[in-house]
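1. Below are the sequence and a predicted model; questions follow.
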Amino acid sequence: MTDPVPIQSPSPSKVSLYFDGDAYFASLREAIAVARESIDLEFYTFASDSLGWSFAHLLRSKAEEGVRVRLIYDSIGSSSSSIDLFDELEGENISYKAYNPLLPLWRNFGRRNHRKIAVIDRKIGFLGGFNLASEYSNFHSSGKGWRDTGVRIEKLELVLSLQKLFEESWQEREISLRKFLKKRRKRANSQRGNLYLTPNYGWKSKSLIRHEYLSAIVRAKESVEITNPYFIPDPVTLRALRKAAQRGVKVSILTAGPCDVRIAHWAGQATYSRLLRAGVRIFEFQPCILHAKTASVDGEWFTVGTANIDHLSFFKNLEVNLIGRDAALAGLVSAQFQEDLAQSKEILRQSWKKRGTFARLRERFFFWFREWL
């Protein structure tokens with residue numbers, strides 16, 4: 001595993017990458033501890049375990065200092081959390097909301113808030129795969145922390161974009177696709193920076209993060225390196241990856257070995273044969289559960305965020321990824337990818353063809369339900 005220290009970007013991007021949960025949480029705690037005006041958190045899971053409680057106490061103390069604290073958590077992602085945890089987050093200067101409450105039951109099948117973001121004093125932002133839960137920390141899980149990736153952002157333009165996403169969720173505003181795309185085109189015409197945030201709002205007809213992935217894969221000339229634990233690509237994404245490999249691009253996929261959602265892993269394995277035939281290399285991470293959602297293309301383009309490469313993240317859930325062209329940041333993502341590969345098992349085509357009938361039937365069965373996994 002990587003050293004529990006942040007890896008700073010050598011570029012002037014004001015972005016730091018974290019490949020270790022304890023380093024990420026230490027940076028988040030530090031930012032919260034010095035907050036003077038506001039702390040806004042939006043997390044899929046806020047667990048009532050040792051790590052979750054440590055943050056709850058910190059947030060309560062900041063509220064008592066007069067700092068405004070707001071929290072949004074997903075009602076399903078945090079369904080096992082104790083009500084006592086949220087009681088701690090009630091009072092003067094501190095409040096919370098549950099996204100898409102469990103009742104009425106029919107709403108459970110709608111989109112989920114899968115984001116994991118924080119904005120401190122509108123000056124520092126955080127995003128990535130880390131939930132506020134002990135399994136992401138070696139310290140809080142006896143050295144068995146999940147492998148994930150997070151980002152600390154101090155570039156004002158990006159932080160304000162992250163703040164805007166939080167405000168939309170807090171005010172429960174539905175975002176018009178037409179209006180969003182109009183604003184997006186306007187930003188593009190005014191020379192959008194090399195780093196930008198791309199959200200998903202759960203539009204069935206338009207997945208913005210998927211579009212970014214597809215554009216990068218289609219334009220790839222040398223390499224595509226994707227780390228994603230719940231890797232169940234839709235037909236268009238699958239075809240783009242295969243075509244890239246067939247035209248000579250080195251396409252490598254790192255996905256989960258041990259997995260917390262085994263049925264999703266089996267569904268993803270149903271795509272292995274087609275990818276392997278096209279020349280895509282597939283690896284399964286072995287030391288612990290993999291939860292990172294990152295990619296780098298040609299050593300220039302990269303993404304880090306909350307979105308999996310599956311139907312839920314691309315078409316249903318609220319997500320957000322940091323995306324851009326920055327050789328330094330893309331290099332760090334690629335270097336971590338290579339380090340993770342050294343701890344992974346490669347799926348070889350000849351041995352994969354020898355898997356048993358039961359495994360094949362299991363893959364096909366769960367692949368049928370891929371839109372719900």
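-> Noted; the coordinates are in hand.
2. ok, Ser141 - contacts?
-> Ser134, Glu135 (Cβ atoms under 8 Å, 6 or more residues apart in numbering). No exception for glycine: its C-beta is placed from N, CA and C like everyone else's.
3. So it lies in a helix, does it not?
-> No. Counting by DSSP: H, G, I helix; E, B strand; the rest coil, Ser141 falls outside a helix, being coil.
4. how near is it to Ile117?
-> Distance of Ser141 to Ile117, computed by Cβ to Cβ, to the nearest Å: 23 Å.
5. swap in Glu92?
-> On the measure of Cβ to Cβ, Glu92 and Ile117 end up 24 Å apart.
6. same check, this time on Leu275
-> 31 Å.
7. Same check on Ser75?
-> Going from Ser75 to Ile117 by Cβ to Cβ gives 17 Å.
8. higher neighbour count, those two?
-> Shown here are Ser75 and Ile117; by other Cβ atoms under 10 Å, Ile117 has more neighbours (24 against 18).
9. Please list all residues in contact with the more buried one.
-> Leu41, Glu42, Phe43, Gly125, Phe126, Leu127, Leu162, Leu165, Phe166, Thr306, Val320.
10. Now intersect these with the helices, please.
-> Among the contacts of Ile117, the ones falling in helices (DSSP state H) are Leu162, Leu165, Phe166.
11. Which one (most neighbours) among these?
-> Counting by other Cβ under 10 Å, top hit in the ones in helices among the contacts of Ile117: Leu162 with 26 neighbours.
12. so where's the stretch 201-350 of the chain uncertain?
-> Within the stretch 201-350 of the chain, the stretches with pLDDT under 70 are 205.
13. Let me see the ranges of the strands in it.
-> With DSSP state E, counting those that start in this stretch as the criterion, the stretch 201-350 of the chain has strands at 223-227, 250-256, 281-285, 294-297, 301-305, 318-325, 344-347.
14. Quick one: residues in contact with the host helix or strand of Thr198.
-> Using DSSP states H and E, Thr198 maps to strand 195-201. Strand 195-201 is touched from outside by 13, 15, 127, 155, 158, 161-162, 165, 175, 177, 180, 207-209, 212, 305, 307, 313-314, 317-324, 326, 329, with contacts defined as Cβ under 8 Å, 6+ apart.
15. picking up where we left off before, JSON lines for the contacts of Ile117, including distance to Arg70?
-> Shown next, in JSON lines, are the contacts of Ile117 (distance: Cβ to Cβ, whole Å):
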{"residue": "Leu41", "distance to Arg70": "7"}
{"residue": "Glu42", "distance to Arg70": "9"}
{"residue": "Phe43", "distance to Arg70": "12"}
{"residue": "Gly125", "distance to Arg70": "15"}
{"residue": "Phe126", "distance to Arg70": "15"}
{"residue": "Leu127", "distance to Arg70": "16"}
{"residue": "Leu162", "distance to Arg70": "14"}
{"residue": "Leu165", "distance to Arg70": "13"}
{"residue": "Phe166", "distance to Arg70": "8"}
{"residue": "Thr306", "distance to Arg70": "19"}
{"residue": "Val320", "distance to Arg70": "17"}
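16. Can you flag the buried ones in the residues you listed?
-> With burial judged by 16 or more other Cβ atoms under 10 Å, the buried subset of these is Leu41, Glu42, Phe43, Gly125, Phe126, Leu127, Leu162, Leu165, Phe166, Thr306, Val320.
17. the strands in the stretch 1-150 of the chain, which residues?
-> 7-8, 15-18, 38-43, 68-74, 94-99, 116-120, 124-128, 150-153.
18. so who does the spatially most central residue of the chain touch?
-> By Cα atoms, centre = their mean, the mean C-alpha position of the chain lies nearest to Thr306, the distance being 1.7 Å. Contact analysis of Thr306 by Cβ under 8 Å, 6+ apart lists 44, 114-117, 127-129, 293, 313, 319-321.
19. Closest one to Gly66 out of those residues, please.
-> Ile117 (23.1 Å; Cβ to Cβ).
20. And the helices in this protein?
-> Taking DSSP H as the test, the helices found in the chain are 21-33, 50-64, 83-87, 156-170, 177-189, 208-219, 235-246, 262-269, 272-278, 311, 327-341, 349-352, 357-367.
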